[in-house]
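Colleague: what shape does this take:
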Amino acid sequence: MRLILIRHGKPETPGGSREGNPPLSAQGHVEARGVRDLLRHEGIEVIVHSGMTRAAETAQPTLEALGLDAHVIEELGEVDRYGGDYANPEMVKAKGEAEWDRFLADPLGYFGIDHDRFVSETLSGFQSLFESYHRQTIAIFTHGFPINIMLSHALELDGIANFVPGYGSVTRLSGSAMDRLTVVSVNETAHLAPAFSREKTA
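Modeller: Now for the predicted structure:
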């Protein structure tokens, strides 16, 4: 099975707002179209998203281009899937080195999230893909922490903040089960450049 993990496009956070479950920004919509242009040639058979607004909106251009329906797996959502404020590592890093070190010491706890619960639910969400689909190519529109958790699981790495996936980035894995995964690529972003070039010349 081929798993193509897409981090959602950049969300709208006007005035630094941290309101939970934000929609995509204008930049995020451009990134979503760049993802569509890449995935329309990938033989996608199933499209999954977390059900959160920014992931659903990132998936929408690809759904329309391929004529597929979305399957929602809420366990593949981000820390604000439980409600509460929106937050991401970029916001933390902007606060300075000391705050970034505090985040790295306990990434989920930093946001008030129970680490074991979040990781277990997230891995269960990915496991459900293997239970529901077989030898298919699946596009999964998700978020930074779930991508990190899946990569750390596949590579048997300590911690869950080993990568910083870019907005609209693509990460690829393949395998027949959760314990038989190969990481094919991490954080692909070349597909986004043509989309932004078209926006500038339109």
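Colleague: C-alpha only now, for contacts and for neighbours.
Modeller: Noted.
Colleague: touching, residue 108 and residue 117? I think so.
Modeller: No: Residue 108 is beyond contact range of residue 117, at 10.2 Å (criterion: CA atoms under 8 Å).
Colleague: pull the contacting residues for the nearest residue to residue 9 once chain neighbours are set aside.
Modeller: Nearest residue to residue 9 in three dimensions, chain neighbours excluded: residue 28, at 4.0 Å (CA to CA, 6 or more residues apart in numbering). Applying CA atoms under 8 Å, 6 or more residues apart in numbering, we find residue 28 in contact with 8, 9, 10, 11, 58, 167, 168.
Colleague: tell me the helix or strand right after the helix or strand encompassing residue 28.
Modeller: Taking DSSP states H and E as the definition, residue 28 sits inside helix 26-39. Moving toward the C-terminus from helix 26-39, the next helix or strand (DSSP H and E) is strand 46-49.
Colleague: now do that following strand: distance to the chain's middle.
Modeller: 12 Å (CA atoms, centre = their mean, to the nearest Å).
Colleague: check stretch 52-67 too.
Modeller: Relative to the mean C-alpha coordinate of its chain, stretch 52-67 is positioned 13 Å out (CA atoms, centre = their mean).
Colleague: can you pull up the bridge partners for the nearest residue to residue 143 once chain neighbours are set aside?
Modeller: Spatially, and ignoring its direct neighbours in sequence, residue 143 is nearest to residue 7 (4.9 Å; CA to CA, 6+ apart). With DSSP bridges as the criterion, residue 7 is bridged to residue 142.
Colleague: more neighbours, residue 108 and residue 117?
Modeller: Neighbours were counted for residue 108 and for residue 117 using other CA atoms under 10 Å; residue 108 has more, 19 against 9.
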